[in-house]
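**Q** sequence and predicted structure, then a few things I'm wondering about:
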Amino acid sequence: MTFQKSHELYTKGLEHLVGAVNSPVRAFASVGGNPLFIKKAKGTKIYDVDDNAYIDLVLSYGPMILGHRHKKVQKAITKALKNGYSFGASTKNEIKLAKIVCDAFPGMDKVRFVNSGTEAVLSGIRLARAFTGKDKIIKFSGCYHGHQDALLVAAGSGLATLSLPGSKGVPEGAVKNTLIANYNDLDSVKAHFEAHNDIAGVILEPIAGNMGVVIPENNFLIDLKEYLTSKGALLIADEVMTGFRSTFGGAQELLGVEADITCLGKVIGGGFPVGAYGARNEIMEMVAPLGGMYQAGTLSGNPIAMAGGIATLTELKKQNPYEKFNEVAQTIESLLLEAAKKYNVDLTVSRFGSMMNPFFTDKNVTNFQEAQSSDTKKFAVFFWEMIRNGVFLPPSQFEAWFLSSAISTKDIKKIAKAIDKSMRVVSEM
C-alpha cells in the first residue's frame, strides 16, 4: 500500500492551508505520519487519492449513518439542487425536518436549525442563560462542545490529541463563567453550586465521544437532572454526535433522562453542514423573533441540508438498524478483546449503540483522567496497521468509531483480520 499521492497533496497543501488541513485532528498529529487525502466514498468504503480502499469507521465523524451516498439521500439532494442552493428565506422542508426531529425527542416542542454543532451549542448555552437569568455554565473535563471561546477549556478530542490544555486567543474573561466538573462525579457538580448562586445550567455529552466513548455510570445522568431541577438550573444535552446514533432520537431517552435543551448536528443533515437546538415551548419562545434572545444565520435551514436530513432520517426510521448496531458493536468488541488477550496487550473497549472505541489500558475508563492513562503510542501503531489492512479509523485515541447500517458480514470479516494483524504488531513494540 502506497500513500505517495496523499503525501504530495499534503506537501502542496502546506502552502495555503494551515497544516494542510481544515480541522486539527485530520493532521494525524497523535499517530504520526502525514494525513490521507480522500477522493471518494460509497457504502461502507472510502477511497484515498492513491486508490487505497478502506472500510470506513470514521463516517465523517458520525453523519454517514446509512453509509456513503445512499441512493435515497442522493436522489433527495439531487432533486433539491435543481431548485437552487440557498435562498435566505424559509422553505417547506425546514418545517418537515423540524417535525421529524421534535417528534423524536420527548419534551422538544420547537427547534431552530443552524449550520454546525458549534453553533447549536453556543446558541443553546445563550438560551439557558436567557431563560434562567444566570451566567455560569458547568461543563465536564474531556467533553468537547465545539470551538467557542467559553467552552474551549478542559476539552477532549482535538485538544487532547494535540496535548493542548486550552487555546491561545481565548481571553480570560471569555471563560470566567465556565466551571469544570468531572464526568461521572455528581459531587464535583454540587461543589460548584455550593460556591456559586448564578449557575444557569450544565452541558454534557450524554455519552461522551471526545475523550473516547465514555458512558455515564451509577445513574449519573438521572441524579444530575434531579439535582439541577432542585436548583432551578437547566440540563443541556450535547447530542451533536449521539443524536439518532443509538435510537431514533437521543441517547438521553435510553438513559432515562429528558434534557431541558438539546443540541444536535451531524446525522440530521445527512452529511451536509447542519446543527440544531431545541427545547419545550416556554424555553424556545425566548428565541427571536418570539423573544429577546437573538440568534440568526444566513445559511440556517439550507435547503440542501434539509433535503439530506429528511431523506436520512426517513430511511433511518424505516431501517431501524439499532439492534443490528448493538450486535455488530458487540462483535467488534469481542474481536478486539480476543486479539488483545491472544497477544497479551492491555485493552479495554467502550461502546454504546453505534459508537465505540478501544483504550490501550487495563483500567475501566469512566472519565477524562482515566482516558488519558491510555497508551497513545500503542494506539498510533494500531492505527497505521489498521490503515495498511484496509480499515479507516479516526487518527486519535480520543475519538469514537462509528458504524453505518450498510456494514456487511464481509466487512466484519475484513475488520476481524485487520484487528488480529494489527494487535500482533502492537504486541511486538
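**A** Nice, thanks for sending it over. Residues are numbered from 1 along each chain as shown.

**Q** could you look up the SS state of residue 55?
**A** strand (DSSP: H, G, I helix; E, B strand; the rest coil).

**Q** show me where the stretch 201-350 of the chain has strands.
**A** Across the stretch 201-350 of the chain, reading from the start of the chain, the strands by DSSP state E, counting those that start in this stretch fall at 234-238, 261-265, 275-279, 348-352.

**Q** for the helix or strand encompassing residue 190, list every residue counted as buried.
**A** Of the helices and strands defined by DSSP states H and E, residue 190 is found in helix 186-195. Of the residues in helix 186-195, those scored as buried under the neighbour-count criterion (16 or more other C-beta atoms under 10 Å) are 186, 188, 189, 193. Glycine gets a C-beta too; all of them are placed from N, C-alpha and C.

**Q** list the residues that contact the last one.
**A** Right, the one you point to is residue 193. Remark: with contacts taken as C-beta atoms under 8 Å, 6 or more residues apart in numbering, residue 193 is in contact with 199, 227, 231, 233.

**Q** check those residues and tell me the two furthest apart.
**A** For those, the farthest-apart pair by C-beta to C-beta is 199 and 227; their separation is 11.3 Å.

**Q** okay, these two: which has more neighbours?
**A** In terms of neighbours (other C-beta atoms under 10 Å), residue 199 is the more surrounded of residue 199 and residue 227; the figures are 24 against 16.

**Q** I'd say that one and residue 233 touch.
**A** Yes: with contact defined as C-beta atoms under 8 Å, residue 199 reaches residue 233; the gap is 5.4 Å.

**Q** tell me the span between the first and last residue of stretch 271-290.
**A** Between the opening and closing residues of stretch 271-290 there is a gap of 30 Å (C-alpha to C-alpha, to the nearest Å).

**Q** just the buried positions in that stretch, please.
**A** Of the residues in stretch 271-290, those with enough neighbours to count as buried (16+ other C-beta under 10 Å) are 271-279, 283-284, 286-287.

**Q** state the mean pLDDT of that stretch.
**A** Along stretch 271-290, the predicted local confidence has a mean pLDDT of 97.

**Q** i'd like the first residue to be 429 from this point on
**A** I'll keep to 429 as the first residue from here, and by that count the last item is stretch 699-718.

**Q** with just CA atoms, put the top helix by length along the chain into PDB.
**A** With residue count as the measure and DSSP state H as the assignment, the chain has helix 750-770 as its longest helix. This file holds the C-alpha atoms of helix 750-770, laid out as PDB (Å, rounded to 0.1, in the frame of the first residue of the first chain):
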ATOM      1  CA  TYR A 750     -30.300  -0.100  16.200                       C
ATOM      2  CA  GLU A 751     -30.500  -3.800  17.200                       C
ATOM      3  CA  LYS A 752     -28.000  -4.600  14.400                       C
ATOM      4  CA  PHE A 753     -25.700  -1.800  15.500                       C
ATOM      5  CA  ASN A 754     -25.600  -3.300  19.000                       C
ATOM      6  CA  GLU A 755     -24.800  -6.700  17.600                       C
ATOM      7  CA  VAL A 756     -22.100  -5.500  15.300                       C
ATOM      8  CA  ALA A 757     -20.500  -3.400  18.000                       C
ATOM      9  CA  GLN A 758     -20.500  -6.300  20.400                       C
ATOM     10  CA  THR A 759     -18.900  -8.500  17.700                       C
ATOM     11  CA  ILE A 760     -16.100  -5.900  17.100                       C
ATOM     12  CA  GLU A 761     -15.600  -5.500  20.900                       C
ATOM     13  CA  SER A 762     -15.200  -9.300  21.200                       C
ATOM     14  CA  LEU A 763     -12.700  -9.300  18.300                       C
ATOM     15  CA  LEU A 764     -10.700  -6.500  19.900                       C
ATOM     16  CA  LEU A 765     -10.600  -8.200  23.300                       C
ATOM     17  CA  GLU A 766      -9.800 -11.600  22.000                       C
ATOM     18  CA  ALA A 767      -6.900 -10.300  19.900                       C
ATOM     19  CA  ALA A 768      -5.600  -8.300  22.900                       C
ATOM     20  CA  LYS A 769      -5.700 -11.400  25.100                       C
ATOM     21  CA  LYS A 770      -4.100 -13.500  22.400                       C
END
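
**Q** touching it from outside, list them.
**A** Judged by C-beta under 8 Å, 6+ apart, the contacts made with helix 750-770 from elsewhere in the structure are 674-676, 773-775, 777, 779, 781-784, 786, 831, 833, 835, 840, 843-844, 847-848, 850-852.

**Q** which parts of that helix are buried?
**A** Using 16+ other C-beta under 10 Å as the test for burial, helix 750-770 gives 750, 753, 754, 756, 757, 760, 761, 763, 764, 765, 767, 768.

**Q** what's the answer for stretch 595-603, then?
**A** Taking 16+ other C-beta under 10 Å as the basis for neighbour counts, the residues of stretch 595-603 that come out buried are 598, 603.

**Q** what's the first-to-last distance across it?
**A** Distance between the boundary residues of stretch 595-603 (C-alpha to C-alpha) amounts to 11 Å.

**Q** dihedrals phi and psi, residue 786?
**A** Here is the backbone geometry of residue 786 (degrees, to the nearest 10): phi -90, psi 150.

**Q** and it, bridged to which residues?
**A** When bridges are assigned using DSSP bridges, the partners listed for residue 786 are residue 777.

**Q** rewinding a little: include distance to residue 512 and pLDDT when you put the buried residues of helix 750-770 into JSON lines, please.
**A** Written out in JSON lines, the entries for the buried residues of helix 750-770 read as follows (distance: C-beta to C-beta, whole Å; pLDDT from 0 to 100):
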{"residue": "750", "distance to residue 512": "35", "pLDDT": "98"}
{"residue": "753", "distance to residue 512": "36", "pLDDT": "98"}
{"residue": "754", "distance to residue 512": "41", "pLDDT": "97"}
{"residue": "756", "distance to residue 512": "39", "pLDDT": "98"}
{"residue": "757", "distance to residue 512": "40", "pLDDT": "98"}
{"residue": "760", "distance to residue 512": "42", "pLDDT": "98"}
{"residue": "761", "distance to residue 512": "45", "pLDDT": "98"}
{"residue": "763", "distance to residue 512": "47", "pLDDT": "98"}
{"residue": "764", "distance to residue 512": "47", "pLDDT": "98"}
{"residue": "765", "distance to residue 512": "51", "pLDDT": "98"}
{"residue": "767", "distance to residue 512": "51", "pLDDT": "98"}
{"residue": "768", "distance to residue 512": "52", "pLDDT": "98"}
